[in-house]
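**Q** coordinates only, sequence not included:
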Ligand code: UDP
């Protein structure tokens with residue numbers, strides 16, 4: 001294939017890359033080359049049918065789409081229909097199940113109480129650590145809101161298992177991803193719009209990348225072919241930012257996940273899509289049971305599939321989570337300065353921005369890059 005005939009090149013076919021490619025192909029009517037290292041499109045959102053059960057499985061962990069951003073919701077609904085799934089999580093502590101994130105039921109059950117919503121603030125003020133006026137990290141934020149006992153039970157060891165660093169080194173913003181509910185509402189997300197694409201995530205990516213102007217190259221490492229691309233092409237890169245600059249200032253730290261799959265001879269193993277395991281003695285962080293993500297489908301009643309999730313360090317080859325510690329953020333700012341000096345190259349997405357984005361935030365970034373940076377310069381690129 002004549003790679004240097006493309007004026008627009010997208011590296012990575014996750015949400016960032018696929019949305020930008022779709023915009024360029026359909027709004028500018030220009031040809032786009034999408035380069036993907038893996039043997040499939042969709043990045044970590046990728047889903048596939050398990051051949052022995054027919055159950056739609058998320059290969060890289062359960063992904064629930066949720067947003068309150070109307071522009072993003074309208075955009076994505078042009079490609080797929082979402083089901084009515086609402087995410088709920090339970091956490092298993094000392095052989096007992098608790099609702100999670102923490103709500104009134106969790107507090108009542110943990111302390112063996114029967115508090116009413118209007119009594120909760122007063123009770124929490126007796127357990128939370130009131131000496132922390134300005135929480136500066138994950139641990140301080142958790143202690144100042146929940147106190148030692150709840151922090152130790154549900155957060156401290158889980159967070160250590162997931163990130164393998166002291167929760168004091170993580171920013172408070174990671175803790176703030178989770179709500180604290182003063183009522184019995186069990187929904188994991190507050191967002192106005194939620195669900196899973198009825199046809200699975202891969203259908204979404206197939207449709208995003210369906211335009212005749214888009215060429216997808218799977219199993220292709222951008223760094224192995226970049227010399228063959230058009231020198232002055234418009235490049236949208238959604239891989240790790242440190243890799244783009246040949247790690248010249250050093251490597252950013254990442255976490256990755258490993259999943260152990262089991263097929264079990266029961267209809268329903270755990271009664272919920274995700275159960276967390278916050279105790280240090282259990283080596284995995286969560287168990288996923290994907291049959292629950294599609295209540296609208298009629299799956300087999302004879303077996304089910306589960307995935308045990310383990311978190312481990314990553315060398316940059318299969319990164320999932322950026323670790324927003326102070327030292328990583330410092331390194332990131334050096335790479336960001338280099339990125340700002342480039343013209344016609346845009347580095348973004350969870351890996352490119354080194355940010356713990358949710359799916360809707362990534363789509364928002366992709367739409368912004370297209371509208372603010374690519375569209376106004378369209379006359380610079382031909383081919
Ligand atoms: N967390 C925890 N206990 C749990 C679930 C989450 O301590 O049972 C912490 C953990 O540090 C995690 C953060 O809260 O990284 C945010 O959780 P979220 O569910 O957003 O993580 P994700 O689903 O993105 O892995």
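**A** Happy to help now that I have it. Note that the coordinates shown come from a computational prediction; the quantities given were computed from them, not determined experimentally.
**Q** contact residues of the stretch 101-250 of the chain facing the ligand?
**A** Contact residues, the stretch 101-250 of the chain versus the ligand (C-beta under 6 Å from any ligand atom): 154-155, 158-159, 162, 174, 177-178. Glycine gets a C-beta too; all of them are placed from N, C-alpha and C.
**Q** which other helices and strands does the longest helix seen in the chain contact?
**A** Longest helix in the chain, counting residues (DSSP state H): helix 326-340. Helix 326-340 sits against helix 241-244, with contacts defined as 3 or more C-beta pairs under 8 Å, 6 or more residues apart in numbering; DSSP states H and E.
**Q** near the ligand, anything from stretch 288-303?
**A** No - Stretch 288-303 is not in contact with the ligand by C-beta under 6 Å from any ligand atom; minimum separation 10.7 Å.
**Q** list the buried ones in that stretch?
**A** 288-294, 299, 303 (16 or more other C-beta atoms under 10 Å).
**Q** with stretch 350-361 instead?
**A** Buried, per 16+ other C-beta under 10 Å, within stretch 350-361: 350-354, 357-361.
**Q** on that earlier part again, which SSE is immediately downstream of the longest helix of the chain?
**A** strand 345-347 (DSSP states H and E).
**Q** contact partners of whatever helix or strand comes next after that next one?
**A** Note on strand 345-347: by DSSP H and E, the next helix or strand toward the C-terminus is helix 349-352. Outside helix 349-352, the residues that touch it by C-beta atoms under 8 Å, 6 or more residues apart in numbering are 12, 14-17, 237-241, 244, 319, 322, 356-357, 362, 365-366.
**Q** show me what contacts the closest residue to the ligand within the stretch 251-383 of the chain?
**A** Across the stretch 251-383 of the chain, no residue is closer to the ligand than residue 276, which sits at 3.7 Å (C-beta to the nearest ligand atom). Contacts for residue 276 (C-beta under 8 Å, 6+ apart) come out as 89-92, 100, 158, 285-286.
**Q** next one, pLDDT for it please.
**A** Residue 276 is assigned 98 on the pLDDT scale.
**Q** relative to residue 279, how far out is the residue lying closest to residue 172 once chain neighbours are set aside?
**A** With sequence-adjacent residues excluded and distances taken as C-beta to C-beta, 6 or more residues apart in numbering, residue 172 is closest to residue 141, at 3.8 Å. Residue 141 sits 21 Å away from residue 279, going by C-beta to C-beta, to the nearest Å.
**Q** near the ligand, which residues of the stretch 251-383 of the chain show up?
**A** So far as C-beta under 6 Å from any ligand atom goes, the stretch 251-383 of the chain lies against the ligand at 276, 278.
**Q** buried sites along stretch 14-32?
**A** So for stretch 14-32, counting by 16+ other C-beta under 10 Å, buried means 14-26, 28, 30-32.
**Q** same thing with stretch 320-339?
**A** Applying 16+ other C-beta under 10 Å to stretch 320-339 flags 320-325, 328, 331-332, 335, 339 as buried.
**Q** same question, stretch 362-375
**A** Under 16+ other C-beta under 10 Å, the buried positions of stretch 362-375 are 362-367, 369-370, 374.
**Q** so where's the chain uncertain?
**A** The chain contains residues with pLDDT under 70 at 383.
**Q** before we move on, back to that, if you count what's nearby, which of residue 141 and residue 279 comes out ahead?
**A** It is residue 141, of residue 141 and residue 279, that has more neighbours when counted by other C-beta atoms under 10 Å, with 23 against 16.
**Q** helix or strand right after the strand or helix carrying the more buried one?
**A** Here residue 141 is covered by helix 138-146, with elements defined by DSSP H and E. Next helix or strand after helix 138-146 toward the C-terminus (DSSP H and E): helix 148-150.
**Q** got the contact list for the helix or strand following that following helix?
**A** The first helix or strand that comes after helix 148-150 along the chain, using DSSP H and E, is helix 157-163. Outside helix 157-163, the residues that touch it by C-beta under 8 Å, 6+ apart are 138, 166-167, 170, 174, 255, 276-280, 283-285, 311, 321, 323.
**Q** apply 6 Å and report the result again.
**A** 167, 278, 280, 285, 311 (C-beta atoms under 6 Å, 6 or more residues apart in numbering).
**Q** likewise for stretch 358-376?
**A** By C-beta under 6 Å, 6+ apart, stretch 358-376 touches 15-16, 19-20, 23, 65, 67, 69, 72, 346, 348-349.
**Q** now do the same end-to-end measure for that stretch.
**A** 27 Å (C-alpha to C-alpha, to the nearest Å).
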